[in-house]
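Peer 1: this one's sequence-less:
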């Protein structure tokens, strides 16, 4: 099964200027390497779908070989979409331009086992409709001609897309089309959370429900913090490592040890990451 990692530096440039130097934190690089190599070992091909700045960055870093290929398909200008509001818009571009069936895998998500994928949509897990994250639709400031669909059941729980399997091209294009309509119709506001998760995660659930698509999840939303061995998602651990250098050091050392043990032909990437 083909999977994709996605990266765009558009949010970085929007925040720090066009001359900002691309940089990925070491713990993210280590997790990305393990995510890619483990997918290749257990489940098949994985590509990096990205913008030109990302392709140049990973090639210069020397770790582009962790993927089966790099496809710089994501436009640098995100077709006019605000990259600060819609910091994960690149994922929707990648889905639009990658044929189904496809798995989209966040670079901080690792699948440690072989998956049996069928005709069902599969996401990482459901999310609760917490009002500070998923507000009512009257919260959103939109162009006057944008209309929220009356066909949607706005009580359906959103789908976390740290892992997303879309088996059907028609549904994929419907979903990303609806997401693009929302992103391009949103007025520019200083919200860097609610608009993005609506476009990506809530829109996915709304579209699937409205078309009666079968949906499964890898994880139970009520058991996310229980010990399990099949998946790793850094999620909030990222900030914990930023706040605690020793915690990050321990994590990076464990990742390096895992690379040496399971993927010794890629051991050279450890030095490249440490020098980054």
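Peer 2: Cool, the structure landed. Just so you know, these numbers come straight off a predicted model, no measurement behind them.

Peer 1: what residues are up against the spatially most central residue of the chain?
Peer 2: By CA atoms, centre = their mean, the mean C-alpha position of the chain lies nearest to residue 106, the distance being 3.7 Å. With contacts defined as CB atoms under 8 Å, 6 or more residues apart in numbering, residue 106 is in contact with 5, 35, 161-163, 233. Glycine gets a C-beta too; all of them are placed from N, C-alpha and C.

Peer 1: repeat that with 7 Å
Peer 2: Contacts were defined as CB atoms under 7 Å, 6 or more residues apart in numbering; by that measure residue 106 touches residue 162.

Peer 1: what's the spacing between it and residue 31?
Peer 2: 9 Å (CB to CB, to the nearest Å).

Peer 1: quick check, pLDDT for residue 215.
Peer 2: Per-residue pLDDT puts residue 215 at 97.

Peer 1: and for residue 221?
Peer 2: Note on residue 221: pLDDT of 86.

Peer 1: at which residues are the strands of the chain located?
Peer 2: With DSSP state E applied, the chain shows strands at 3-7, 46-50, 69-71, 102-105, 109-111, 121-126, 159-166, 215-217, 231-233, listed in chain order.

Peer 1: with mean neighbour count as extra columns, can I get those in JSON lines?
Peer 2: Below are those laid out as JSON lines (neighbours: other CB atoms under 10 Å):
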{"stretch": "strand 3-7", "mean neighbour count": "24"}
{"stretch": "strand 46-50", "mean neighbour count": "24"}
{"stretch": "strand 69-71", "mean neighbour count": "15"}
{"stretch": "strand 102-105", "mean neighbour count": "22"}
{"stretch": "strand 109-111", "mean neighbour count": "22"}
{"stretch": "strand 121-126", "mean neighbour count": "22"}
{"stretch": "strand 159-166", "mean neighbour count": "23"}
{"stretch": "strand 215-217", "mean neighbour count": "14"}
{"stretch": "strand 231-233", "mean neighbour count": "18"}
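
Peer 1: Serialize these to a markdown table and add fields for distance to residue 203.
Peer 2: Formatted as a markdown table, the strands of the chain follow (distance: least, CB to CB, whole Å):
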| stretch | distance to residue 203 |
| --- | --- |
| strand 3-7 | 17 |
| strand 46-50 | 20 |
| strand 69-71 | 24 |
| strand 102-105 | 14 |
| strand 109-111 | 20 |
| strand 121-126 | 12 |
| strand 159-166 | 9 |
| strand 215-217 | 13 |
| strand 231-233 | 21 |
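
Peer 1: least reliable of the ones you listed going by mean pLDDT?
Peer 2: Looking at these, the lowest mean pLDDT belongs to strand 231-233 (a mean of 93).
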